[in-house]
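next one to model:
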Amino acid sequence: MKSSASLCEDRERCLITNMGRFTPLLFGCTSVTFIFSIFILFSPLPLAPTIPKQLHQDDDHTTPLIKPHQSDERCDLFKGHWVPDEKGSSYTNWSCTTIPDSKNCFKHGRKDTDFVNWRWKPQGCHLPRFDPATFFRLFQGKKLAFVGDSVSRNHMESLLCLLSQEEVPRDIYKDSEDRFRTWYFPRHDFTLMILWSKFLVEGEERMSNGTASGVYDLYLDKIDNSWAQKVPEIDFAIISNAHWFFRPMYLHKGGKVMGCVYCNEEGVEEVGVGFALRMAFRAAFEYINGCEKCKGMVTLLRTFSPAHFENGSWNTGGGCSRTSPLGEGEVDLASFERQLGNIQVEEMERAKRGGDIRVVKFGALDVTTAMLMRPDGHPGAHWGNKWMKGYNDCVHWCLPGPIDAWNDILLAVLVREAG
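Predicted coordinates for the structure are as follows:
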C-alpha cells in the first residue's frame with residue numbers, strides 16, 4: 001500500500017482543471033483520492049563556458065547552428081510559429097526504448113501522425129534540429145539536472161530519447177517511488193538527472209480523518225531539501241514547476257499565514273496562483289544565488305507548459321483530440337497561462353540582477369507561447385492507463401512530439417549564449 005506521501009505526489013494531473021477557467025476543485029472523498037493517485041502514478045551574461053568554434057556548426061562544419069537574419073543578430077527564439085517538417089521526429093517509439101508507457105501514444109492507439117511533423121520556427125532565425133553529437137561535445141564530463149514536477153520529467157525523457165540515438169545510457173539510480181532518476185552516458189561522461197519537487201519549496205498536505213484532503217500548506221521560507229541538497233554537485237539545472245499550484249493552499253512565511261489560494265476562508269487573503277508561483281520561484285532562485293558551493297553552475301528556467309482540456313475539465317469529460325497546431329492568431333497572448341510564464345521570467349531576471357554571474361548564471365527557456373499553439377501534442381486518451389479509462393491526459397506530451405522542440409531551443413540557447 002502506498003504511503004500518504006506517495007498518494008499526494010501521484011495525483012498531480014488529476015488536479016489540473018480546465019486551464020481556461022481555473023475553477024478550484026473540491027477534495028476529501030477517499031475514492032476520488034485513489035483515482036487521483038492512479039492518474040499520476042502512470043504518467044510519470046554568458047550562460048556557459050567558452051565552447052570551441054566548431055561547436056557552433058552542424059556536423060559538416062559549414063552551417064551555423066543558429067542562423068540569424070542579417071537584420072537581427074539576436075533573434076527571438078521564443079516567438080514564432082510552427083511550420084511543416086517532412087523529416088518528422090529524430091526518433092520513434094521503437095528507436096527509443098526509454099519512453100514511459102504513459103507517453104507512448106502510438107503504442108496506445110493514436111492513429112494520426114501529423115503532430116510529429118511540425119517544427120518551431122522562431123522569429124528572425126532558423127532553429128536547427130537537435131544534434132546529440134553537438135550536445136555531448138558541449139556537456140562532456142558534466143551533470144545536468146531537471147528540477148520540478150512530472151512535466152519537467154517529461155522534458156528530461158524527451159532529451160533522453162534524443163541523446164540515446166547517439167549513445168545508449170545506463171540507468172544507474174532510481175529511488176523506491178521513481179521520483180528521482182539518474183542516467184549516465186559513459187562514452188561522454190555525461191550525467192542526466194531528474195530531481196522531483198511539487199512546489200520547489202516545502203509543502204505538506206493536510207489530512208482529514210486519516211485521508212489526504214488535497215489542501216496544502218506551503219512554506220515559502222523553507223526550500224524543498226530533496227532537490228536543494230543535490231544542487232552543489234550539478235553543473236546545469238533546468239528548473240520548472242506550475243501545475244501543482246492549481247489547488248487549495250495556504251502560504252506561510254515567518255511563521256505566519258500570508259495568504260491562500262482557492263481557500264475561500266474569511267480573514268485569509270486570497271492571493272491567487274500567480275503570487276504563489278512567484279514566491280516559490282523567488283525562494284528557489286534566492287537559494288541558488290546563495291549557494292556557496294555552486295560556483296559556475298548554470299540555471300535555466302523552463303516556463304509554464306499549458307494544458308489543453310476542451311469541453312470540460314479532466315474529470316468532467318474534457319479532452320484534447322486536435323490533430324494539428326494552432327496558428328499565431330489563434331492563441332491569446334494575454335491569457336493566464338502566458339501571464340504565469342511572464343511571472344516566472346520576471347523572477348529569473350530578478351535573480352540574475354541580484355546574483356553574481358561569476359558564481360551562478362541564469363537564463364530562460366520560454367516555451368509558453370510555442371506550447372499554447374500545440375493542443376494536438378498531448379496523450380489525450382492514448383496513455384494506456386487501465387485504471388483511468390475515460391479520462392484524458394491533456395497536461396503531459398506524447399513522445400515523440402512537440403515537446404522535443406524544447407531541446408532544440410535548449411541547445412540553441414546554450415550555444416548562442418556561449419558565443
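
with adjacent residues omitted, what lies nearest to C125?
If the residues on either side of it in the chain are set aside, C125 comes closest to C75, at 3.3 Å by C-beta to C-beta, 6 or more residues apart in numbering. To be clear about C-beta, it is placed using only N, CA and C from the backbone, and glycine gets the same treatment.

how near is that neighbour to Q123?
For C75, the distance to Q123 (C-beta to C-beta, to the nearest Å) stands at 6 Å.

which of these two has more neighbours?
Between C75 and Q123, counted using other C-beta atoms under 10 Å, the more crowded position is C75 (21 against 13).

follow-up on the earlier one: tell me if I'm right that the residue nearest to C125 and K121 touch.
No - under the criterion of C-beta atoms under 8 Å, C75 is not in contact with K121, lying 10.6 Å apart.

quick check: E86 vs R187, distance?
Separation of E86 from R187 (C-beta to C-beta) stands at 31 Å.

which residues does K253 contact?
By C-beta atoms under 8 Å, 6 or more residues apart in numbering, K253 lies in contact with Y219, L220, D221, M279.

among the residues you listed, which ones are buried?
With neighbours counted by 16 or more other C-beta atoms under 10 Å, these contain buried members at Y219, L220, M279.

who does the first one form a beta bridge with?
Beta-bridge partners of Y219, counted by DSSP bridges, are E202, H252.

need the contact list for it.
Y219 makes contact with V201, E202, G203, E204, H252, K253 under the criterion C-beta under 8 Å, 6+ apart.

what of the last one?
When contacts are counted by C-beta under 8 Å, 6+ apart, M279 touches V201, L220, L251, K253.

now, among the residues you listed, which is nearest to G380?
Comparing the contacts of M279 against G380 with C-beta to C-beta places V201 closest, at 31.9 Å.

run through the protein and note the low-pLDDT ranges.
Low-confidence segments of the chain (pLDDT under 70): 1-74, 417-419.

helix, strand, or coil at the residue nearest the centre of it?
Most central in the chain under C-alpha atoms, centre = their mean is S152, positioned 3.2 Å from the mean C-alpha point. For S152, the reduced secondary structure class is helix; criterion used: DSSP: H, G, I helix; E, B strand; the rest coil.

make JSON lines out of the buried ones among the contacts of K253 and add distance to A145.
Conversion of the buried ones among the contacts of K253 to JSON lines gives the following (distance: C-beta to C-beta, whole Å):
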{"residue": "Y219", "distance to A145": "23"}
{"residue": "L220", "distance to A145": "22"}
{"residue": "M279", "distance to A145": "22"}
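
hmm, back to that, of the contacts of M279, closest to P100?
The shortest gap between P100 and any of the contacts of M279 belongs to V201, at 26.7 Å (C-beta to C-beta).

please report how far the closest one lies from L218.
Distance from V201 to L218, by C-beta to C-beta: 6 Å.

and for M207?
M207 sits at a distance of 16 Å from L218 (criterion: C-beta to C-beta).

before we move on, what about N154?
Taken as C-beta to C-beta, the span from N154 to L218 is 23 Å.

do the same with L160
Counting by C-beta to C-beta - L160 and L218 are separated by 30 Å.

one more: Q344?
Note on Q344: its distance to L218, by C-beta to C-beta, is 16 Å.

what do you get for T134?
As judged by C-beta to C-beta, T134 and L218 stand 40 Å apart.

now W314
The gap separating W314 from L218 is 22 Å, by C-beta to C-beta.

buried stuff in stretch 303-313?
Of the residues in stretch 303-313, those scored as buried under the neighbour-count criterion (16+ other C-beta under 10 Å) are T303, F304, S305, P306, A307, H308, F309, E310, S313.

how about stretch 199-209?
Across stretch 199-209, burial judged by 16+ other C-beta under 10 Å covers F199, L200, V201, E202, G203, E205.

who touches that stretch?
Residues outside stretch 199-209 that contact it (C-beta under 8 Å, 6+ apart): 4, 8, 28, 147-148, 212-225, 227, 239, 241, 244-245, 249, 279-281, 283-284.

kindly recompute the last result at 6 Å.
With C-beta atoms under 6 Å, 6 or more residues apart in numbering as the test, stretch 199-209 has contacts from 8, 28, 212-213, 215-220, 222-224, 241, 244, 280, 283-284.

out of the residues you listed, which are buried?
Applying 16+ other C-beta under 10 Å to those, the neighbour count classes 8, 212, 215-216, 218-220, 223-224, 241, 244, 280, 283-284 as buried.

in CSV, list these along with distance to R129 and secondary structure.
Conversion of those to CSV gives the following (distance: C-beta to C-beta, whole Å; DSSP: H, G, I helix; E, B strand; the rest coil):
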residue, distance to R129, secondary structure
C8, 39, helix
A212, 44, strand
V215, 45, strand
Y216, 40, strand
L218, 40, strand
Y219, 43, strand
L220, 40, strand
I223, 37, strand
D224, 35, coil
N241, 28, coil
W244, 32, helix
A280, 34, helix
A283, 37, helix
A284, 32, helix
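
mind putting the residues you listed into JSON lines with distance to K295?
Formatted as JSON lines, the entries for the buried ones among the contacts of stretch 199-209 read as follows, by distance: C-beta to C-beta, whole Å:
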{"residue": "C8", "distance to K295": "35"}
{"residue": "A212", "distance to K295": "40"}
{"residue": "V215", "distance to K295": "40"}
{"residue": "Y216", "distance to K295": "34"}
{"residue": "L218", "distance to K295": "30"}
{"residue": "Y219", "distance to K295": "28"}
{"residue": "L220", "distance to K295": "26"}
{"residue": "I223", "distance to K295": "19"}
{"residue": "D224", "distance to K295": "22"}
{"residue": "N241", "distance to K295": "25"}
{"residue": "W244", "distance to K295": "31"}
{"residue": "A280", "distance to K295": "25"}
{"residue": "A283", "distance to K295": "21"}
{"residue": "A284", "distance to K295": "18"}
